[in-house]
Structures are given as structure tokens and as C-alpha cells.
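*Asks:* this one's sequence-less:
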């Protein structure tokens, strides 16, 4: 990694100070996402020798900077909502349209997108972008199921499409035309049907037990503060007219939050992928459990993003997959990792600790490693530890070199 010479010369220039930016860390080792993670961890690191006021390293403390750099590299595998921004998921496109259509239906926007200033509320909750249709959940589930009953194909035949149209909602008593339109749009938004009326998940409605999981409300209240802020900004322009595109960023952020929230627990813990799922992500074999209106294409895009993040982290971790090649079973591998962790050779995230990098990259590592009960594998295990430690040390050194150059040290 090399700091641009013009930037380096300007480090001490009061007129044009060089600020720490993600682009400074982009290299053959660090892609754009990794460089952003490095930048974010460094600037937030306590005692990292970086000024939180302007993002410039003042009098760099190399030891503290190295510790911060180590934390940045070992944090590459932590997944956050920002990792899912810009994926252009189908759910995001539907949410964009849902926000716009709801604003028009509620009278905050005219059909041509013009802002109705006197309809803007004082607080986000006043936007009222969605109604509560919970009372109709069970009846609607039964209606969709019954209208498509008896469509099971004969053996060897393709299933016929199932359909549900806006006019079918007339069978539910107590809804006016506007409410039926919103409820039908909710079904499209939630991914139960498409715009043509085809039921996209007929197997869901075939199982009566799914009635309790049937989501009939839009569930978009989390976007209300951002939507209201955007509308208020439009008050400054008397000719302001909104389009669906104006809400794309809000929708993108909302969907990214939902993805990260749904992954946490089933797939990730504290943002780190569960160890037993890492291989499945690498093979794109995990379903992710994203059933909140996400399409198959959405799930594939999210799985691919997670897999790419894990690939960024892999060089800096102890390679569990290699243990199988040594003939170790699951129980033996678990015992080995437990022994290495207990001895302080590995962290819980399977990285070599900062204070052990020199040990495993130096000549003493092989002779100093003891594995009670697994002595015959000591040299191979050391090689795995050495590989991870070497990569981690090189990455840490690269980051510190950038900080040093920015600080004007040689």
C-alpha cells in the first residue's frame, strides 16, 4: 500500500491537511469494503493515536496504532447493516414504491408527487402511512387458501399457478375501496403475490399453521422519521415534486437494517457468522431464513455478500477446514481448538492474538507448541497458525505504514 506523494507532502500543511480516508487503505490486500472497515475501526479506536476531531494521526503512537490496526483486520468478518447497502434487492424496490404510494394515499403527496405542505405532521407517527389489518389476518389467509384449493397437480404434472385478485378482497366484509387497495398492495409488498395477482408462495397458504405467521400489515413505521425529514426538506422549494426515486436511499437503508436484523441470531452472533454456517455460506447453500418478503434473488444476493465478507476474513483466521485433511474428526477438531484457545494461541474468533504474532512467525513457534494427545499433528497445526499469523502481521504492518506516512515519520 502506498500513500499518494502529494497527500503525504500535504500532511503538515495547515492549508491543505490530509485526512484519514478509506481510499488510503485500498490495495491488493484490502478492497473497498475492507478499506472502509479499517478506516472506521481506526478512527473509532480508543487510544489508537488518531484524532477523532479531524481524522488525522497527530503524534502517532506506533504501538497503539498497531493494536488498532490489528483490531481492524480481525474485525473484517463482523457484518453490519452497511454491508447490505446498494444491493438493489427486490424488496427495496417494492418498499420504494410502497412509501411513495402510501404518501399519495394519505394525502401527503398529490398524485403528481407535489408536496401538500399543510398535511405534513409535526412528528413522524403523524404520517400514517399504513393501517392495521390484523383483524383480517385469519380470514384473509383462509380466503387465499380456499380460492386456490384443489390445484394440486397430478404426479408428474407441473402445478398450475394460483391467483388472487383485488376483486377477491370484496369477500371480506367491512373494508372500503381504499382499504382494500392498501391491503392488496401489502400482499404484493410482502411478497405473497406479484402485481399480476399470481400467488408466489402457494405452499405457504396450503399449511394452516402458517396463518399465525401471515403478515398483512406493511410494517414500514421504521422509515417514518427519514421520510418526514425528506418531505420537510422539500418545503424549501415551492415547486418541489417527489418521485419514487427520491425514496430509494431510505428504502435501501431500511432493507439493509432488516437483513442484518434477520441474520442476527439464526446466522450471526454479534455480527459474526456462526462457525457451523461458514462453509454453507461459502457454497451458497444456506437459505438464510430471509422470509420477510425477500425473493430468491434477494436471498442469493445477500448470501453472496456474506460469502465475500467471509472470504476477506479467511486469510487472517485459523483454517478449521484444513483439520479435516489432517484426519481429525469433529470431536478432535473441537478439542484442538479448545486447547489452542485455552493456551492463548487463538482468540474466540480464531485469530492469532496480537501478542502471539511474533511467536508464530518466528523460529520458536514450532518447537514451543504443545498439543497434549495430538502431538503427531503439532507441525501441521503450527503451519496453520503460522499462515494465519503471517497474513495478520503483514496486514497490520501495512496499515501502520500508511499511518506512519501520514504522520510524516520515516
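*Replies:* Great, that's in hand. Note that the structure is a prediction, hence the values are computed from the model and not measured. Residues are numbered from 1 along each chain as shown.
*Asks:* element containing residue 290, please.
*Replies:* Assigned by DSSP states H and E, residue 290 belongs to no helix or strand.
*Asks:* Show me the domain layout of this structure.
*Replies:* Per automatic domain parsing, the structural domains of the chain span 5-74, 90-256, 321-402.
*Asks:* Turn those domains into JSON lines, including mean pLDDT.
*Replies:* Output for those, formatted as JSON lines (pLDDT from 0 to 100):
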{"stretch": "domain 5-74", "mean pLDDT": "75"}
{"stretch": "domain 90-256", "mean pLDDT": "91"}
{"stretch": "domain 321-402", "mean pLDDT": "87"}
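*Asks:* Of all the ones you listed, which one is nearest residue 304?
*Replies:* Closest of the domains of the chain to residue 304 is domain 5-74, at 12.9 Å (criterion: C-beta to C-beta). Using the backbone N, CA and C atoms, a C-beta is placed for each residue, glycine as well.
*Asks:* ok, and the closest non-adjacent residue to residue 377?
*Replies:* residue 326 (5.6 Å; C-beta to C-beta, 6 or more residues apart in numbering).
*Asks:* okay, now the one you found: neighbour count?
*Replies:* 15 (other C-beta atoms under 10 Å).
*Asks:* need the contact list for it.
*Replies:* By C-beta atoms under 8 Å, 6 or more residues apart in numbering, the residues touching residue 326 are 377, 380-381.
*Asks:* likewise residue 396?
*Replies:* 66, 69-70, 73, 354, 357.
*Asks:* Kindly recompute the last result at 10 Å.
*Replies:* 65-74, 316, 354, 357 (C-beta atoms under 10 Å, 6 or more residues apart in numbering).
*Asks:* Now the two most distant members of those residues.
*Replies:* Going by C-beta to C-beta, the pair spanning the contacts of residue 396 furthest: 65 and 316, at 17.8 Å.
*Asks:* From residue 339, how far off is residue 345?
*Replies:* 8 Å (C-beta to C-beta, to the nearest Å).
*Asks:* These two: which has the busier surroundings?
*Replies:* Higher neighbour count among residue 345 and residue 339: residue 345, with 23 against 17, using other C-beta under 10 Å.
*Asks:* Relative to residue 384, how far out is the more buried one?
*Replies:* From residue 345 to residue 384 the distance is 11 Å (C-beta to C-beta).
*Asks:* Give me the common contacts of those two.
*Replies:* Contacts common to residue 345 and residue 384, judged by C-beta under 10 Å, 6+ apart, are 318, 352, 360.
*Asks:* top of these by neighbour count?
*Replies:* Result: residue 352 is most packed of those (other C-beta under 10 Å), 31 neighbours.
*Asks:* now the nearest residue to that residue once chain neighbours are set aside, what's its secondary structure?
*Replies:* Excluding the flanking residues, the one nearest residue 352 by C-beta to C-beta, 6+ apart is residue 389, at 4.3 Å. On the three-state scheme (DSSP: H, G, I helix; E, B strand; the rest coil), residue 389 is labelled helix.
*Asks:* ok, residue 389 - how many residues close by?
*Replies:* 25.
*Asks:* One more: the one 4 residues further on?
*Replies:* Neighbours of residue 393 under the rule other C-beta under 10 Å: 20.
*Asks:* Does it touch residue 354 like I think?
*Replies:* Yes - contact criterion C-beta atoms under 10 Å: residue 393 and residue 354 qualify, at 9.3 Å.
*Asks:* Can you check which residues contact both of the two?
*Replies:* The contact lists of residue 393 and residue 354 share 66, 70, where a contact means C-beta under 10 Å, 6+ apart.
*Asks:* picking up where we left off before, for residue 242, state which of the contacts of residue 396 is nearest.
*Replies:* So of the contacts of residue 396, ranked by how close each gets to residue 242 (C-beta to C-beta), first place is residue 72, at 39.7 Å.
*Asks:* for that closest one, what are its contacts?
*Replies:* With C-beta under 10 Å, 6+ apart, residue 72 has these contacts: 25, 30, 34-35, 37-42, 44-45, 48, 395-396, 399.
*Asks:* Next one: it from residue 222, what distance?
*Replies:* The value you get for residue 72 to residue 222, if C-beta to C-beta is used, is 30 Å.
*Asks:* same thing with residue 143?
*Replies:* 29 Å.
*Asks:* between the two, which one's more packed in?
*Replies:* Neighbours per residue (other C-beta under 10 Å) separate residue 143 from residue 222, with residue 143 holding more: 17 against 14.
*Asks:* Skipping its backbone neighbours, what lies nearest the more buried one in space?
*Replies:* residue 171 is the one closest to residue 143 (C-beta to C-beta, 6+ apart), at 5.9 Å.
*Asks:* what's the spacing between the one you found and residue 180?
*Replies:* 10 Å.
*Asks:* The contacts of residue 72, buried ones only, as a ChimeraX selection?
*Replies:* One line in ChimeraX is enough to select the buried members of the contacts of residue 72, burial here meaning 16 or more other C-beta atoms under 10 Å:
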select :25,30,34,35,37,38,39,41,42,45,48,395,396,399
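*Asks:* Go through the contacts of residue 72 and name the one nearest residue 118.
*Replies:* Among the contacts of residue 72, and counting by C-beta to C-beta, the member closest to residue 118 is residue 40, at 42.0 Å.
*Asks:* Just the element for that closest one, please.
*Replies:* Per DSSP H and E: helix 32-44 holds residue 40.
*Asks:* Helix 32-44 and whatever helix or strand comes next after that helix, what's the angle between them?
*Replies:* Note on helix 32-44: by DSSP H and E, the next helix or strand toward the C-terminus is helix 62-74. Between helix 62-74 and helix 32-44, the angle comes out at 140 degrees (axes from the mean of the first three to the mean of the last three C-alpha atoms, to 10 degrees).
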